[in-house]
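*Asks:* build me a structure from this.
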Amino acid sequence: MEERVVQALFNCTQVAVEVRQDAERFLDTSKSEPGFGVLLLNISHNSNYALPIRQLAAIILKNQCKKWKDSPLNQQDKDFIKANIIQCLKFSVAEEIRSQFEEVVFVIGRNDKDVEEVLGQVLVFLDGDADCLYAALNVLHQFSKQYEYVITEKRNNLRLLIGRFFDKLELSLEKLMTEQTPAAFNYINLILQIYWVCFYIELLPEQATERSLNSWLSKILNILSVEFDIFTSKDHYEQELKSKEPKMQCKKWSAQILYRFFSRYHDFSSQIDNNITIGQVFMSKWAQPVLETIISQIFNHQTHFIPDITMNYYIKFINQAIKIQAICDVMKNLKRPDGEFIIPSLITQVITPVVCKTIYDEELWTDNPIEYIRKQADLSQIYYSASSAAIDLLDSMCERGYLPQFLEYLNRSLANNLPPLTKEALIYEVGSLSQELSKHENLSNLVPQMLTNHIFSELSSTIGFLRARACWAYGQFSSYNFPDPEHQKQVLEKICLLVLDPQLPVKYEAALALPKILNWEVSKSRVKGEISQVLKIYLDLINEIDSEEIIEALEDIVTGYSDEVLPFAIDLCGQLVGTFQRLAIKEHLNEDDDSAMAAVSVLNTISKIIETVSDKPENLVQISQMIYPVLEYSISQQGCAFMDEALNILSSILYYAPVNSLTNLFPLCKIILSSLQDNNPYGAEKHEEIFPALANYISKYSELIIPDIQSLVNFLLLLLSKDITLTILSCKLLICIFEHIKTSASFIISVVIQRLCSIIQTSVSHKEKIILCQVIYVAFWADPVGCMTFMDQNNLFKSTFNYSLNNLKYVKEEISRIQVVVGVASFLSQIPAFPNSLSLENSVMIFKKFVEMLLLVENEDKEEQGESPFVDAEEFNAKTQEILEKIRQNFEEDDDDDEVLYETDADEFYDSMFENFDYKAYVKSELVKLPSEILAHLTGAIDAEQQILLKKTL
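*Replies:* Prediction:
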């Protein structure tokens, strides 16, 4: 068997397609054979076989282990793998094979509850030779890193690992530190990673003692203190290789750990429990020496290579120090060996060089401009970027009073003949301070002159870096007051030309800056007549690069120049539909990570176009036909990554369009409903976005809804009690049906009331009951006789409304209260016809609650129409105390109300009939139906003050 498997593995590496496919089929059919996993492990570990064969065996075994619990491997094979896997993680094992088995160990640690045999071997291997030590550390690293972000009870497993192995890890680290050989750093690297995992979320109590902290921090600082190598190569790939050296990795992990200590625990006054001890120990004993070590090394970065990620943490540590006033005060007086003060030197000798573009950036700009743009715009990399950290440090320094000093350095430097990359860096620095500068009127007034003297000319530079950065700078300062309109005109002309620049990164920055400077008054008259050309430029650029930033810039232009865009809205929308389809295909095929975000921005821009033509029904019809395929795809399961935005577009276009004008969009209603079905409710978490879309269908396309009203209602009733969010959605839609399709209410009353009351009687959720009662109130408004008849005949009225009316205090929103008022008024008018449910005694209780709610609604109206915006301080304090008391009572009375019970606030793209409902007129019309003696009896039961208020209200 082994020979056949080895031959098959060899054949898998051959060029001949048939040979390779036969081998793959053989290996695939062998996966479920007993002993196949053992065989693969032995082959991969047998040095007599060629490395490609061994590596392929390891890869196949890894893939079989990925779903450990459901793996085709039998238990005997799994036990063999667990018993021998540690041998495969020795340092002497080829990295191509070892890396595969590291993944296997991670899977075992995550999914197998019985790893005692593996851990027992780790304990033995920690005391073995160097090869065994590496294997043991590797296993511990793989087992521990699965808990890096875990805060649940599973983290207790990490505590067991710490208790069992950390003493040995500490001894191993101490021994390795005495050697400091290149080989030793491989082991130190693993120990530091294990420590990072164990403390990232929170150090466990065993490691938070003063003794343990001092012991580990002293070792980590010793690693940080190791000098960087003299290395001056500027070649990107050589630097990448250097960064991956074990020594450099150890420096990186030590810096990362120490920065985490500083940033998280520096303010130990706000910490609790063990974290107080951590903060006190670190700040009293370690913060200062770590800072001194970092400062001593960071100024040597021109000759001693500091990898970008390590530089990032060094700068972050200094930034955190400057944010702490006491440390900053000490740093202000620190000097370098040459006599220069530390903080100003950081600006000139660290921040500016670090911010400077590199040779690699220049090569990328020329060879792959799209990748250059993506790299610059990648927000996921900002946290790890030394350049971004340097800008943050500069900002903190300027907040601490160094802004005038920086501006002096800036103007002095810009007045000289600087290297282009240095000038670009300085422009980036000052542009990044636009927000801080705006806080200082005396300094911000100098900005226009600085732009005129030093940056405007770079819009015409022969160097692309400088043209792009100058565009960016004007975008940063676009909101500043420019005293010279002529200068603004010149800037506008230049940037309008640069959106057609032959170099893509320049076009990109100009296109991002243009919407910002179009807010200038001088820009508005200039661009109005050329908006068609502007839109074309942006569409061409969008097709050239999938950038959400460019699409958002186009969206800003559509918003700011809506009147000018209007004649081109249809064509623009059509082109955006094509763009979305192209991007969505890329996203579906996982060809491009940026495509999904760009596609989302396209949908948002389409939404803005719909707003632009919202009062043009004929345009809405045209757009609806164009966007139908986009909406159909985006609310399907296949395209549900874009469902939020698609539902927003659908809701808005249905809302703006006249009744029954967009029947072509009605098939989307069924797709939305199918997204909530039990077998695959992929739309369930989009419930808030789904409601206005479906509500608009119900309110505006009732003729299409009515034929299937029974099946729709049955579907909504099935959603009840599945999940509170779906219950809310179902209830809001049922209310919508009763609001807008009153003519069909009689056909659905019995099934709706029956289902709602059965849940109210059995549910233990206070929140759910209140929501369901709200639907019943609206149902009474829609068909009072039908509701009352059904509830009376089934003896449901008293229990349901005694519960509901005794909990009216939880009905908070105005629309909800109006619905209660009109619902109660509807069944009060039925008192003479239903003496069983509406006995005189019961009716008096109901009427009292009704008056209370009516007066609450009336008082709410008065508060909204109040004349004075000012509130007496004493009255405000009293109100505050009243609110706090109510909150306290709510917590004491009900443990089911830690969220808002039920909000029926107006949705942005749906108008409830109750938003502008004349409830007073309705209440009057219902109450006058009562015989005068009954009405007199009811009003006589309320107190005199309420009677006066009731009369005034009605």
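*Asks:* what is the helix or strand encompassing residue 344 packed up against?
*Replies:* Take DSSP states H and E as the rule and residue 344 turns out to sit in helix 342-345. If you count contacts as 3 or more Cβ pairs under 8 Å, 6 or more residues apart in numbering; DSSP states H and E, helix 342-345 packs onto helix 325-332. Using the backbone N, CA and C atoms, a C-beta is placed for each residue, glycine as well.
*Asks:* the helix it packs on - what's its average pLDDT?
*Replies:* Averaging pLDDT along helix 325-332 gives 91.
*Asks:* so residue 751 sits right up against residue 712, yeah?
*Replies:* No. Checked against Cβ atoms under 8 Å, the pair residue 751 and residue 712 is beyond contact range at 11.7 Å.
*Asks:* and the two? which has more neighbours close in?
*Replies:* residue 712 (23 against 14; other Cβ atoms under 10 Å).
*Asks:* let me know whether my guess that that one is in a strand holds.
*Replies:* No. Read with DSSP: H, G, I helix; E, B strand; the rest coil, residue 712 is helix and lies in no strand.
*Asks:* run a quick neighbour tally on the closest residue to it other than its chain neighbours.
*Replies:* In this structure, residue 712 finds its nearest non-sequential neighbour in residue 705, 6.7 Å apart by Cβ to Cβ, 6 or more residues apart in numbering. Neighbourhood size, residue 705 [other Cβ under 10 Å]: 20.
*Asks:* in which helix or strand does residue 705 reside?
*Replies:* For residue 705, the enclosing helix or strand under DSSP H and E is helix 702-705.
*Asks:* send the alpha carbons of that helix over as PDB?
*Replies:* This file holds the C-alpha atoms of helix 702-705, laid out as PDB (Å, rounded to 0.1, in the frame of the first residue of the first chain):
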ATOM      1  CA  SER A 702     -52.700  46.800  -2.300                       C
ATOM      2  CA  GLU A 703     -54.400  45.600  -5.500                       C
ATOM      3  CA  LEU A 704     -51.400  43.200  -6.000                       C
ATOM      4  CA  ILE A 705     -51.300  42.200  -2.300                       C
END
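*Asks:* which outside residues touch that helix?
*Replies:* Here helix 702-705 makes contact (Cβ atoms under 8 Å, 6 or more residues apart in numbering) with 660, 663, 666, 697, 698, 712, 737, 740, 741.
*Asks:* any of those residues buried? List them.
*Replies:* Neighbour-count burial (16 or more other Cβ atoms under 10 Å) applied to these gives 697, 698, 712, 737, 740, 741.
*Asks:* OK, contacts around the fourth one?
*Replies:* Applying Cβ under 8 Å, 6+ apart, one finds that residue 737 lies in contact with 698, 705, 709, 712, 713, 744, 748.
*Asks:* run the chain-centre distance for the helix or strand in which it is found.
*Replies:* Per DSSP H and E: residue 737 is located in helix 724-740. Relative to its chain's centre, helix 724-740 lies at 28 Å (Cα atoms, centre = their mean, to the nearest Å).
*Asks:* ok, stretch 37-55 next?
*Replies:* Mean-position distance between stretch 37-55 and its chain equals 44 Å (Cα atoms, centre = their mean).
*Asks:* please apply the same query to stretch 740-750.
*Replies:* That offset, for stretch 740-750, works out to 42 Å (Cα atoms, centre = their mean).
*Asks:* got the CA coordinates for it in PDB?
*Replies:* C-alpha atoms of stretch 740-750 as PDB (Å, rounded to 0.1, in the frame of the first residue of the first chain):
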ATOM      1  CA  HIS A 740     -53.900  50.200   4.400                       C
ATOM      2  CA  ILE A 741     -56.100  47.200   3.500                       C
ATOM      3  CA  LYS A 742     -59.000  47.700   5.900                       C
ATOM      4  CA  THR A 743     -61.400  46.300   3.300                       C
ATOM      5  CA  SER A 744     -59.800  42.900   3.700                       C
ATOM      6  CA  ALA A 745     -59.600  43.100   7.500                       C
ATOM      7  CA  SER A 746     -62.800  41.000   8.000                       C
ATOM      8  CA  PHE A 747     -61.300  38.100   6.100                       C
ATOM      9  CA  ILE A 748     -58.200  37.800   8.300                       C
ATOM     10  CA  ILE A 749     -59.400  39.000  11.800                       C
ATOM     11  CA  SER A 750     -60.300  35.700  13.200                       C
END
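*Asks:* which one among the contacts of helix 702-705 gets closest to residue 513?
*Replies:* Residue 513 has its nearest neighbour among the contacts of helix 702-705 in residue 697, at 42.2 Å by Cβ to Cβ.
*Asks:* rewinding a little: I'd like the contacts of helix 702-705 as JSON lines, with pLDDT and distance to residue 351 appended.
*Replies:* Listed next are the contacts of helix 702-705 as JSON lines, based on pLDDT from 0 to 100; distance: Cβ to Cβ, whole Å:
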{"residue": "660", "pLDDT": "95", "distance to residue 351": "63"}
{"residue": "663", "pLDDT": "96", "distance to residue 351": "62"}
{"residue": "666", "pLDDT": "96", "distance to residue 351": "60"}
{"residue": "697", "pLDDT": "96", "distance to residue 351": "57"}
{"residue": "698", "pLDDT": "95", "distance to residue 351": "60"}
{"residue": "712", "pLDDT": "94", "distance to residue 351": "63"}
{"residue": "737", "pLDDT": "95", "distance to residue 351": "63"}
{"residue": "740", "pLDDT": "92", "distance to residue 351": "62"}
{"residue": "741", "pLDDT": "91", "distance to residue 351": "66"}
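*Asks:* pick out the most distant pair among those residues.
*Replies:* Pairwise over the contacts of helix 702-705, using Cβ to Cβ, the maximum falls at 663 and 737, 18.9 Å.
*Asks:* how close does the closest residue to residue 806 other than its chain neighbours sit to residue 917?
*Replies:* Leaving aside its sequence neighbours, residue 806 sits nearest to residue 849 (Cβ to Cβ, 6+ apart; 7.9 Å). Distance from residue 849 to residue 917, counting by Cβ to Cβ, to the nearest Å: 20 Å.
*Asks:* equivalent analysis for residue 490, please.
*Replies:* Distance from residue 490 to residue 917, by Cβ to Cβ: 57 Å.
*Asks:* with residue 336 instead?
*Replies:* On the measure of Cβ to Cβ, residue 336 and residue 917 end up 74 Å apart.
*Asks:* ok, then the element right after the helix or strand of the chain with the lowest mean pLDDT?
*Replies:* For the chain, using mean pLDDT, DSSP states H and E, the weakest element among its helices and strands is helix 873-893, scoring a mean of 52. Per DSSP H and E, the first helix or strand lying C-terminal to helix 873-893 is helix 919-927.
*Asks:* burial of residue 368, as a residue count?
*Replies:* So residue 368, with other Cβ under 10 Å, has 13 neighbours.
*Asks:* and it, backbone torsions?
*Replies:* Per-residue torsions, residue 368: phi -150, psi 70 (degrees, to the nearest 10).
*Asks:* tell me the confidence at it?
*Replies:* For residue 368, the predicted pLDDT is 95.
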